[in-house]
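I need the structure of the sequence given here:
(one chain, ligands or ions: 2)
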Amino acid sequence: MLFGWKGTTHIMASANGVASLQGKRPLFSFGAIADVQYADIPDGHSFIGIPRYYRHSLLVLQRAVQKWNNHQKIKFVMNFGDIVDGHCPKDQSIDVVKEVVNEFEKFNGPVYHMIGNHCLYNLPRDKLLPLLNIPSIDGRAYYDFSPIPEYRFVVLDGYDISAIGWPQDHPNTLEALKILREKNPNTEKNSPDGLVGMDRRFLMYNGAVGKEQLEWLDGVLQDATKLKQKVVVCCHLPLDPGFTSREAILWNYDEVMDVIHCYNCVKVCLAGHDHQGGHSVDSHGIHHRVLEAALECPPGTDAFGYIDVYENRLSLVGTDQLQSTDMCFNP
Ligand SMILES: Nc1ccn([C@@H]2O[C@H](COP(=O)(O)O)[C@@H](O)[C@H]2O)c(=O)n1
Ligand SMILES: O=P(O)(O)OC[C@H](O)CO
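Ligands and ions are numbered 1, 2, ... in the order given. The predicted structure follows:
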């Protein structure tokens, strides 16, 4: 990790950057929002007492869609997961997911969703993925797309190996439970108590990328390299421990980054889940930007943005809580 910031401490940086950021038109732009976690319930707070505004988050999303539509040059929108909160009454889950998806669909263009732990607390994969329009075989929720020939987006499924979302006897559930048993001795598998350093990520609300998905990722990056495409990797769970809470990272972030670091095509990794947000640049010059959560915006404030994509940088233009960030790289 070379530099970064977390929460409100912002360190300006231009590590592998570019002399002038002015004067060029973006190749394209896309909208971004994370952790809407809507539920029709009164305000509450996280386990450590951070306020959560379950109803207001839908208003944040509505204002986001309005802004993206008014902008007129937003090509698509990325939703970084956790569309609905785990506290949503379960008899409302399907309707609430539909309601939030419907708000996203008011955007005049494609919307790409990814799954988060809270989505999976509400619905199993076979119900959830069709509602989110995630193309899927056997419940897998990873995919890629290329908005222009020069760029490829890879959406990872961070709950591929997970104790939530798969049937209880599914091999992926069993593999996840084995990992949790080995790595987290607490009875409450969401508790990091007693876990040291990076081991604090072995919590039930996180997960891992499985072997098949890793092989798929390798193939996509090989192909992108052949096609001279730059790649943006998106995942609900952050992939870099630089300036992210250790309790929020993908279990096998190291294996995923080992694959990514075999190539030069990945320039930026984007994530949600760690609600306070952050930005780091890893040892290979890859930017990791974790987006601040819509759920934790006090009423009247926002956390969404859009990203202008250039040949040599991604420029995140944030609203209110979502900090603007320039991510420069060698093209
Ligand atoms: N230090 C912690 C943090 C969390 N937990 C457990 O995880 C659940 C989810 O936490 P949120 O902050 O996302 O609401 C929480 O209900 C606890 O069960 C914990 O044990 N210790
Ligand atoms: O979105 P939650 O409730 O799973 O919270 C995740 C934590 O913020 C990870 O640190």
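
kindly report the residues of the stretch 201-331 of the chain close to ligand 2.
Residues of the stretch 201-331 of the chain lying close to ligand 2 (Cβ under 6 Å from any ligand atom) are 205, 245, 247, 248, 273, 274, 275. For glycine as for every other residue, the C-beta is placed from the backbone atoms N, C-alpha and C.

ligand 2: which of those residues is nearest?
residue 248 (3.7 Å; Cβ to the nearest ligand atom).

contacts only, for that closest one.
Taking Cβ atoms under 8 Å, 6 or more residues apart in numbering, we find residue 248 in contact with 201, 206, 237, 238, 273, 274, 290.

now with 10 Å?
Contact analysis of residue 248 by Cβ atoms under 10 Å, 6 or more residues apart in numbering lists 200-201, 203, 205-206, 236-238, 241, 271-276, 278, 290.

quick one, helices of the stretch 1-150 of the chain?
56-71, 93-104, 117-122, 125-131 (DSSP state H, counting those that start in this stretch).

for the ones you listed, give me JSON lines that also has mean neighbour count, mean pLDDT and distance to residue 329.
As requested, these are exported to JSON lines (neighbours: other Cβ atoms under 10 Å; pLDDT from 0 to 100; distance: least, Cβ to Cβ, whole Å):
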{"stretch": "helix 56-71", "mean neighbour count": "19", "mean pLDDT": "98", "distance to residue 329": "24"}
{"stretch": "helix 93-104", "mean neighbour count": "17", "mean pLDDT": "98", "distance to residue 329": "29"}
{"stretch": "helix 117-122", "mean neighbour count": "24", "mean pLDDT": "98", "distance to residue 329": "30"}
{"stretch": "helix 125-131", "mean neighbour count": "18", "mean pLDDT": "97", "distance to residue 329": "32"}
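
quick one, phi/psi of the closest residue to residue 287 other than its chain neighbours?
Spatial nearest neighbour of residue 287, excluding adjacent residues (Cβ to Cβ, 6 or more residues apart in numbering): residue 327 at 3.9 Å. Per-residue torsions, residue 327: phi -120, psi 100 (degrees, to the nearest 10).

so which residues of the stretch 201-331 of the chain form strands?
With strands called from DSSP state E, counting those that start in this stretch, the stretch 201-331 of the chain shows them at 230-235, 266-271, 278-281, 287-290, 303-309, 313-320, 325-328.

where in the stretch 101-250 of the chain is pLDDT low?
Within the stretch 101-250 of the chain, no stretch has pLDDT under 70.

who in this protein is up against ligand 1?
By the rule Cβ under 6 Å from any ligand atom, the part of the chain lying against ligand 1 is 46, 47, 48, 188, 190, 191, 192, 205.

so the fifth one: helix, strand or coil?
Classification of residue 190 using DSSP: H, G, I helix; E, B strand; the rest coil returns coil.

give me every residue that touches it.
Shown in contact with residue 190 (Cβ under 10 Å, 6+ apart): 47, 117, 180, 184, 203, 204, 205, 206, 247.

okay, residue 80: pLDDT?
Per-residue pLDDT puts residue 80 at 99.

do the same with the one 4 residues further on
On pLDDT, residue 84 comes in at 98.

ok, residue 87 next?
Value for residue 87, per-residue pLDDT: 98.
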